[in-house]
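A.B. asks: for reference, the sequence and a predicted model appear below.
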2 protein chains.
Amino acid sequence: MARRSDHTREELNRMALDAARRITEREGLRGLRARQIARDIGYTIGTLYNLFEDLDDLIVHMNGETLDALFEACSQAPTDEGPEADLSALAERYLQFTRVHPKLWNAIFEHKLPEGRTTPEWYAEKVARLLLLEQNALAPIFPEGQEKQLQHHARVLWTSLFGMASVETAGGLPEGETADSLVRSLIEIYVSGLRQMDTSGASLQTTR
Amino acid sequence: MARRSDHTREELNRMALDAARRITEREGLRGLRARQIARDIGYTIGTLYNLFEDLDDLIVHMNGETLDALFEACSQAPTDEGPEADLSALAERYLQFTRVHPKLWNAIFEHKLPEGRTTPEWYAEKVARLLLLEQNALAPIFPEGQEKQLQHHARVLWTSLFGMASVETAGGLPEGETADSLVRSLIEIYVSGLRQMDTSGASLQTTR
DNA sequence: GGTTGAAATTGATCGCTGGTCAATATATTT
DNA sequence: AAATATATTGACCAGCGATCAATTTCAACC
């Protein structure tokens, strides 16, 4: 009952996170049990707690990998066909991911660390990286030196996209309505509104 | 060890939901324990399970009351000062509620019923009722007979508002940015975009 | 007023959970 | 070969949600 050297620490980490992902995809965060992960990778619970501080830590790492996969999917979108097209393409990839991996994606927002604990720095970076994609797609709308406005409006679109995806995965849309259709209107109308403000000089106003 | 008749069944229900709400406001859904609720109302766990089917059932009822409170708060907003003003006022109430009761509001979306169970009918109605407020505020933009478009665009704004509130309560906004500021841009720009489409006749297009 | 049946309340109990840790076995270093 | 470090185990703990037989009280009826 001890060192098996069947796998390196890195391999065990991989195996555990893969197992956790499989369970979460199938049963959601609610069905994720430390004991099941351990069983799935052929080790005991003690070994699992030698790899991760606790279940929260493991989930944060799993969610980090989900953010990576989401970024990977979103990165495939073209970035040179104009703001409306680029934003739409980006949103399409995003929503496709949430539709293929609803429970995995949900886990990112369902999971709350206990009072007083915060996500590590690298986690915030994975989140920020995604927002940058939106920002880049929207950038052509704004002249140089309006970074603040660009960031602001990119965030408007990004948080809205999140809301739509969230409501869709929760089954909160009626028959005939989809997140795609909502986001299509959002991009079309919001961006045209932005352009309008731009030509009328109104975009110089602060976001207050 | 039996019938105390200190309280009616209705009173016990109230007490239990109040206790659950207090705990959730303080510690979040994660910290909500059946035993603690029972302790707080001065009864044992068996009695609690005589009142509610299980913890999920109790949480659904608690969330239902949160939706009621949210509706109450949102209903206070004026409804006769034009779409932009009404939508802004509505969003303001909404966001104020999420800021005063972040964990309670979060519980609505954090809580997932186990596979195969669905929320009761009255719950869906409480959700739908809120969306109707948004729809009413937006209605003046649309001529008679464009109910479908109205519903669609109201949903765009409503899901976006949800996304912004959600990101804010999760602490996902940087210094200097707030859900209010995001939602202000959204309403201003989206509604002006809608008006634009209207006068150009483009609003006749389907939402596809 | 006494009897009876229904409803409420209790708390021991169950199977499970996340998490700990002394004991043990293997690998690595000396 | 001995000593040290590390990995692994699984019994163990407190606590969880949930169940239910036993008990007590209430309400209805005669």
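C.D. replies: Ah, there it is.

A.B. asks: tell me which residue in chain A sits closest to chain B.
C.D. replies: Residue nearest to chain B within chain A: A:Gly163 (2.4 Å; C-beta to the nearest C-beta). C-beta here means a position set from N, CA and C on the backbone, and glycine is covered the same way.

A.B. asks: what's the neighbour count on the residue lying closest to that residue once chain neighbours are set aside?
C.D. replies: Closest residue to A:Gly163 apart from its sequence neighbours, by C-beta to C-beta, 6 or more residues apart in numbering or on different chains: B:Gly163 at 2.4 Å. Close neighbours of B:Gly163, defined as other C-beta atoms under 10 Å in any protein chain shown, add up to 26.

A.B. asks: got a list of what B:Gly163 touches?
C.D. replies: A:159-164, A:166 (C-beta atoms under 8 Å, 6 or more residues apart in numbering or on different chains).

A.B. asks: what sits against the residue nearest the centre of chain A?
C.D. replies: The centroid of chain A falls nearest to A:Leu67 when counting by C-alpha atoms, centre = their mean (4.8 Å). By C-beta under 8 Å, 6+ apart, the residues touching A:Leu67 are A:108, A:123, A:126-127, A:129-130.

A.B. asks: looking at the residues you listed, which is nearest B:Thr178?
C.D. replies: A:Val127 (17.9 Å; C-beta to C-beta).

A.B. asks: does that closest one touch B:Leu173 like I think?
C.D. replies: No. Using C-beta atoms under 8 Å as the test, A:Val127 is too far from B:Leu173 to be in contact (11.5 Å).

A.B. asks: and the next helix or strand past the longest helix along chain A?
C.D. replies: Taking DSSP state H as the criterion, chain A has its longest helix at helix A:147-169. Following helix A:147-169 in sequence order, the next helix or strand is helix A:179-199 (DSSP states H and E).

A.B. asks: now do the longest helix of chain A against helix B:147-169, angle only.
C.D. replies: 110 degrees (axes from the mean of the first three to the mean of the last three C-alpha atoms, to 10 degrees).

A.B. asks: next, the angle helix B:179-199 makes with helix A:147-169.
C.D. replies: Using the same axes, to 10 degrees: helix A:147-169 against helix B:179-199 is 80 degrees.

A.B. asks: returning to what we had before: taking the contacts of A:Leu67, tell me the two that lie furthest apart.
C.D. replies: Once C-beta to C-beta is applied, the contacts of A:Leu67 give A:Ile108 and A:Arg129 as the farthest pair, at 13.8 Å.

A.B. asks: could you pull out the buried residues of the helix or strand A:Asp57 falls within?
C.D. replies: Here A:Asp57, judged by DSSP H and E, is contained in helix A:55-75. Of the residues in helix A:55-75, A:55, A:58-67, A:69-71, A:73-74 count as buried by neighbour count, 16 or more other C-beta atoms under 10 Å in any protein chain shown.
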